[in-house]
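Colleague: what follows is a protein structure lacking sequence information:
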């Protein structure tokens, strides 16, 4: 079985500062990893994904994440946040072996202050 | 703009009503999903259709009835719901073809359901 832990339920930062959203996972099999963003009253939008290859993954809106297999982490970063980045962020994993089940973390609510 | 379209955006229904939620995608994805999301929680999987056949039913009560009329459409029929069924219902799709079954999920914007 897989599990995903998002270590911070709420993060508040000032506009223009960097942000780190943490995600750790547990799995006995290889997984693919994803970060999704959800703005108010909207569905989830894919920010970035790690399927294979380079462990540093760049996504949309200036976000990037680094896959660390030894630490079973997939932390999300942005060097300089904007007020429009205020949203809920979900980390998710799914086994590489072929399944339709995606395991989501509980989410991190990011608030960017002016 | 999302490539997965859900209608209606909002729905209020009584406990004796019958209604349907609709989802449409034209990305050629052959896997389609229904998720339920309560406030401040992650999405919970309800059903998965793969190649128009029901692949996963996460022990969802029978008052929720999914239907996949073709590869582009997914419906969720609702009957005799309870107030605790009020939530955001999200449709998603993915491309299970090729080497990877687990392509990213593409979500619609959801239907906000209120059961009175």
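Modeller: Great, that's in hand. Note that the structure is predicted; figures quoted are calculated from it, not measured.

Colleague: you'd agree residue A:46 is up against residue B:94?
Modeller: No. Between residue A:46 and residue B:94 there is no contact, the gap being 10.5 Å when judged by CB atoms under 8 Å. For the C-beta atoms, the positions are set from N, CA and C on the backbone; glycine is no exception.

Colleague: these two: which has the busier surroundings?
Modeller: Taking neighbours as other CB atoms under 10 Å in any protein chain shown, residue A:46 and residue B:94 compare with residue B:94 leading, 24 against 16.

Colleague: show me the contacts for the more buried one.
Modeller: Counting by CB atoms under 8 Å, 6 or more residues apart in numbering or on different chains, residue B:94 touches A:100, B:29, B:31, B:33, B:102-106.

Colleague: re earlier: which neighbours do residue A:46 and residue B:94 share?
Modeller: Between them, residue A:46 and residue B:94 share the contacting residues B:104-106, judged by CB under 8 Å, 6+ apart.

Colleague: of these, which one scores lowest on pLDDT?
Modeller: Lowest in pLDDT among the shared contacts of residue A:46 and residue B:94 is residue B:104, which has 89.

Colleague: quick one: it from chain A, how far?
Modeller: Residue B:104 is 5 Å from chain A, where distance means CB to the nearest CB, to the nearest Å.

Colleague: in strands only, show me the shared contacts of residue A:46 and residue B:94.
Modeller: residue B:106 (DSSP state E).

Colleague: neighbour-wise, which one of the contacts of residue B:94 leads?
Modeller: Counting neighbours by other CB under 10 Å, the top entry in the contacts of residue B:94 is residue B:33, with 29 neighbours.

Colleague: what helix or strand does that residue sit in?
Modeller: strand B:31-37 (DSSP states H and E).

Colleague: what's the closest of the shared contacts of residue A:46 and residue B:94 to residue B:78?
Modeller: The closest of the shared contacts of residue A:46 and residue B:94 to residue B:78 turns out to be residue B:105 (CB to CB; 22.4 Å).

Colleague: is it correct that the closest one is in contact with residue A:103?
Modeller: No. Shown here, residue B:105 and residue A:103 do not form a contact pair, counting by CB under 8 Å, at 12.0 Å.

Colleague: which parts of chain B sit against chain A?
Modeller: For chain B, the residues in contact with chain A (CB under 8 Å from any CB of the partner chain) are B:2, B:4, B:6, B:31, B:33, B:40-43, B:45, B:48, B:50, B:55-56, B:90, B:92, B:94, B:96, B:100-102, B:104-110, B:112.

Colleague: okay, strands next: where are they in chain A?
Modeller: A:3-6, A:10-14, A:19-21, A:23-26, A:31-38, A:44-50, A:56-58, A:64-68, A:73-78, A:87-95, A:103-104, A:108-113.

Colleague: does the shortest one come close to chain B?
Modeller: Same thing as strand A:103-104. Yes. With CB under 8 Å from any CB as the criterion, chain B is reached by strand A:103-104 at residue A:104.

Colleague: over to the third one?
Modeller: No. Applying CB under 8 Å from any CB, one finds strand A:19-21 out of contact with chain B, separated by at least 14.2 Å.

Colleague: who are the neighbours in contact with residue B:56?
Modeller: A:100-101, B:45, B:47-48 are the contacts of residue B:56 under CB under 8 Å, 6+ apart.

Colleague: a strand runs through it, doesn't it?
Modeller: Yes. Assessed by DSSP: H, G, I helix; E, B strand; the rest coil, residue B:56 belongs to a strand.
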